[in-house]
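Peer 1: Build me a structure from this.
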Amino acid sequence: MSSLSSTETTQTAIRQYNELIQEQQQLAQKISEFEMDRHEHQLVEETLTPLDPSRRAYRLVGEVLVERTVEEVLPSVKKNLDNIDTTIMMMKKKLQESAKEAAEVKTKYNLQTEPAR
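Peer 2: Down below sits the predicted model:
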């Protein structure tokens, strides 16, 4: 009976470890997507900053292209960039926590994994 419960515990640990690894992969993918968005926002900010504030600028809101001025668009681009940076930082922290938890599970249950290829 004790070996059965040990086997169940090991299977539970393996399942938990695999879920943590999958969560890490998803977080890494999302971070990558946000990094691309951040880069795009930085390019827009660099492009708009030297322009005349009264110059026309177009902004995509949903699926609608809206005409504004640089003065109106630039603050929202900067705010979005700050929000993206904050989100990336939070996701990286969550990724580190998940990696730490996976390492703890792996060590606690002495799980063996294949080396990355």
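Peer 1: Check for me that Tyr58 belongs to a helix.
Peer 2: No. Applying DSSP: H, G, I helix; E, B strand; the rest coil, one finds Tyr58 to be strand, outside a helix.
Peer 1: Any figure for the gap between the residue most central in space within the chain and Met91?
Peer 2: Compute the mean C-alpha point of the chain, and by CA atoms, centre = their mean the closest residue is Ile31, 2.7 Å away. Distance, Ile31 to Met91, by CB to CB, to the nearest Å: 5 Å. (C-beta placed from N, C-alpha, C; glycine too.)
Peer 1: just to revisit the earlier point, which pLDDT value does the model give the residue nearest to the centre of the chain?
Peer 2: The model reports Ile31 with a pLDDT of 98.
Peer 1: can you start the count at 12 instead of 1 from here on
Peer 2: Sure, I'll start counting at 12 from here, so that last one is Ile42.
Peer 1: how much distance is there from the helix or strand that it is a member of to the middle of the chain?
Peer 2: Using DSSP states H and E, the element containing Ile42 is helix 13-59. With CA atoms, centre = their mean, to the nearest Å as the basis, helix 13-59 stands 8 Å off its chain's centre.
Peer 1: Please consider this matter closed, and thank you.
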